[in-house]
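Participant: just a sequence and a predicted model for now, questions to come.
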Amino acid sequence: MTTSDLIRFDDLTVNFDDRFQLNNINWQIEPQQHWVITGTNGAGKSALAAVLAGAGDIVSGKLDGIPRRVGVVSFEAQAELIDVERKKDDADIMDVISEGTPVHEILFENCQDVPLAKALAEKFDLTKLLDRSFRKLSTGESRKVMLIRALASKPDLLILDEPFDGLDANSLAMLQEHLQTLIKTTPMIMVLNRFDEFPAFITHIAYVDQGHLQLQVSRNDQLAFDELYKLLHLKTTDLTVPAPDPDNNIPALNPEEPLVRLTDLTIKYDDKKIIDSLNWTIEPNQHWQLSGPNGSGKTGLLSIITGDHPQCYVNDIFVFGFKRGNGESIWQIKQFIGYVSTALQWEYKGTTSLRNVILSGFHDSNGLYTRCTERQKAIANEWLELLGMSDRGDEIFGKLSYGDQRLLLIARAMVKHPPLLILDEPCLGLDDMNRQMVLALIEKICAGTGISVIYVNHHPEDKIKGIENYISLG
């Protein structure tokens with residue numbers, strides 16, 4: 001790759017044997033840039049890297065600038081080479097059994113720098129194995145062969161998919177040291193899951209999710225880099241949503257009854273009907289996405305459920321075991337609901353600490369005015385850990401970024417484990433990075449917490465993993 005070359009993806013959509021698809025990728029790799037592609041398992045990281053090596057079938061868009069020599073190290077390439085060797089057994093005739101290709105033939109095939117290959121074989125402790133059949137190597141040993149082949153091919157572009165997996169400490173240090181010598185001559189694309197494995201020379205990070213290139217971050221943009229770290233923490237951590245307080249005083253609901261049942265619901269102002277004869281039932285542990293344009297009635301519908309709408313008593317509404325209009329109080333309804341909205345964020349007191357913001361959710365208060373138990377404090381600390389904010393519990397809420405405030409308010413709404421969590425336009429006003437963090441947190445909440453979620457937004461196509469029921473107004 002010369003200083004005038006660049007690799008360019010323009011609205012590229014690529015199919016992989018109908019098993020997976022990358023969609024509308026726009027990406028530019030410039031000379032002297034070194035990228036890490038990251039994201040969760042199954043997001044499309046390896047697929048995106050494989051496109052650079054010629055894999056996949058282009059459905060639409062353009063891909064320009066792929067250099068002539070591309071060095072590739074990946075589990076897929078390693079498996080393909082091993083499979084080729086195994087097939088040689090199938091071709092054996094009578095009692096002639098193939099010993100397979102020796103390591104030295106595979107290592108020096110198409111080698112552009114034999115002295116380098118020999119030197120690396122020595123450093124990787126492979127010299128004694130050069131006459132052994134490649135198929136008899138361990139997984140780690142065959143991985144080293146793949147690395148040496150790629151590095152000694154004098155590639156114009158080097159693609160390394162999880163290159164550090166399976167290497168012992170000495171081999172890992174040696175590889176990292178050698179890669180450092182290539183940074184001025186060879187652009188590198190690495191696929192990595194762990195932030196702590198990112199080499200210091202990496203200049204940019206590409207975040208892939210569900211087949212889309214969602215974010216591109218410069219390593220020099222420290223704020224964006226830190227936010228991407230938090231996003232990956234939410235997406236990849238083994239931490240789960242903290243358990244509820246065992247002394248939670250929310251009354252038990254009948255599991256055989258729906259949380260909400262609206263029958264022929266009509267909302268009208270003067271003579272104009274905003275919602276006309278809507279039927280909607282929300283069962284326990286059932287997640288819904290409510291979408292629609294401005295003015296379609298989303299906010300009115302939510303306020304019917306929360307008990308705040310004046311037309312609650314002229315409609316057939318069943319919520320949390322209550323048939324509305326039979327003497328129940330609004331607080332009897334609200335105890336079963338966690339609620340997050342932009343309006344709440346505007347109103348929430350900015351002088352409260354992060355820990356106390358979460359604790360206030362136990363009492364549905366705007367600020368903390370009630371003494372909390374030690375167990376409740378421990379749960380709040382678990383939420384801070386899940387959000388990647390363990391060391392920030394005493395910071396002031398008003399000093400957080402807009403996106404971090406939204407995450408804290410979702411944790412506040414969730415801390416009491418309400419039967420129903422309503423997220424009213426939770427991504428409104430957020431940039432791409434913070435939007436991805438909020439959506440990642442919602443995914444975690446939907447994954448087996450026993451809580452029903454209503455996710456409200458403008459765009460029905462903006463879907464969240466774990467939400468399978470949809471209702472659209474307007």
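Facilitator: Alright, I've got the coordinates. Note that this is a predicted model, so its numbers are computed, not measured. Numbering: from 1, shown residues only.

Participant: sec struct for residue 60, please.
Facilitator: Secondary structure assignment for residue 60 (DSSP: H, G, I helix; E, B strand; the rest coil): strand.

Participant: against residue 10, how distant is it?
Facilitator: According to CB to CB, to the nearest Å, residue 60 and residue 10 sit 10 Å apart. For every residue, glycine as well, the C-beta is placed using N, CA and C.

Participant: just want to know which of these two has more residues nearby.
Facilitator: Legend: neighbour count by other CB atoms under 10 Å for residue 60 and residue 10, higher for residue 10 (14 against 11).

Participant: does that one really touch residue 62, like I thought?
Facilitator: Yes - applying CB atoms under 8 Å as the test, residue 10 and residue 62 come out as touching, 4.4 Å apart.

Participant: show me the strands in the stretch 1-150 of the chain, by range?
Facilitator: 7-16, 20-29, 35-38, 57-64, 70-73 (DSSP state E, counting those that start in this stretch).

Participant: got the CA coordinates for the last one in CSV?
Facilitator: Once side chains and other backbone atoms are set aside, the C-alpha atoms of strand 70-73 remain, and they are given as CSV (Å, rounded to 0.1, in the frame of the first residue of the first chain):
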residue,chain,number,x,y,z
VAL,A,70,-3.1,-9.5,1.6
GLY,A,71,-1.7,-11.5,4.5
VAL,A,72,-4.5,-13.3,6.5
VAL,A,73,-4.4,-15.0,9.9
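
Participant: I would like the residues contacting it, please.
Facilitator: In this structure, residues lying in contact with strand 70-73 by CB atoms under 8 Å, 6 or more residues apart in numbering are 52-54, 143, 146-147, 149-151, 153, 155-161, 163.

Participant: setting aside sequence neighbours, what's the nearest residue to residue 311?
Facilitator: Distances taken as CB to CB, 6 or more residues apart in numbering put residue 267 closest to residue 311, at 5.7 Å, once the chain neighbours are dropped.

Participant: doesn't residue 404 belong to a strand?
Facilitator: No - secondary structure assignment (three-state DSSP) places residue 404 in helix, not in a strand.

Participant: burial count for it?
Facilitator: For residue 404, the count of nearby residues is 21 (other CB under 10 Å).

Participant: any idea how far it is from residue 75?
Facilitator: From residue 404 over to residue 75 the distance is 36 Å, taken as CB to CB.

Participant: tell me the contacts of the closest residue to residue 8 other than its chain neighbours?
Facilitator: Among residues not flanking residue 8 along the chain, residue 64 sits closest, at 4.8 Å (CB to CB, 6+ apart). The neighbours of residue 64, taking CB under 8 Å, 6+ apart as the test, are 7, 8, 10.

Participant: nearest to residue 128, out of those: which one, please.
Facilitator: When the contacts of residue 64 are ranked by distance to residue 128 (CB to CB), residue 7 comes first, at 39.0 Å.

Participant: check the gap between that closest one and residue 46 for me.
Facilitator: When CB to CB is the yardstick, residue 7 and residue 46 sit 17 Å from each other.

Participant: who's more crowded, those two?
Facilitator: Neighbours per residue, other CB under 10 Å: of residue 7 and residue 46, the larger number sits with residue 46, 23 against 20.

Participant: give me the pLDDT for that one.
Facilitator: At residue 46, the model reports a pLDDT of 91.

Participant: contacts for the lowest-mean-pLDDT helix or strand in the chain next, please.
Facilitator: Of all the helices and strands that make up the chain, the one with the lowest confidence by mean pLDDT, DSSP states H and E is helix 75-90; it has a mean of 74. The set of residues that contact helix 75-90 without belonging to it, under CB under 8 Å, 6+ apart, is 46, 50, 53, 97-98, 100-101, 106, 133-135, 142-143, 146, 161-162.

Participant: pull out the buried residues from those.
Facilitator: 46, 50, 53, 98, 100-101, 106, 133-135, 142-143, 146, 161-162 (16 or more other CB atoms under 10 Å).

Participant: in the least confident helix or strand of the chain, what's buried?
Facilitator: Neighbour counts using 16+ other CB under 10 Å place 75, 77, 78, 81, 82, 85 of helix 75-90 among the buried residues.

Participant: nearest to residue 282, of the residues you listed?
Facilitator: Taking CB to CB as the measure, residue 75 is the one of the buried residues of helix 75-90 closest to residue 282, at 43.0 Å.
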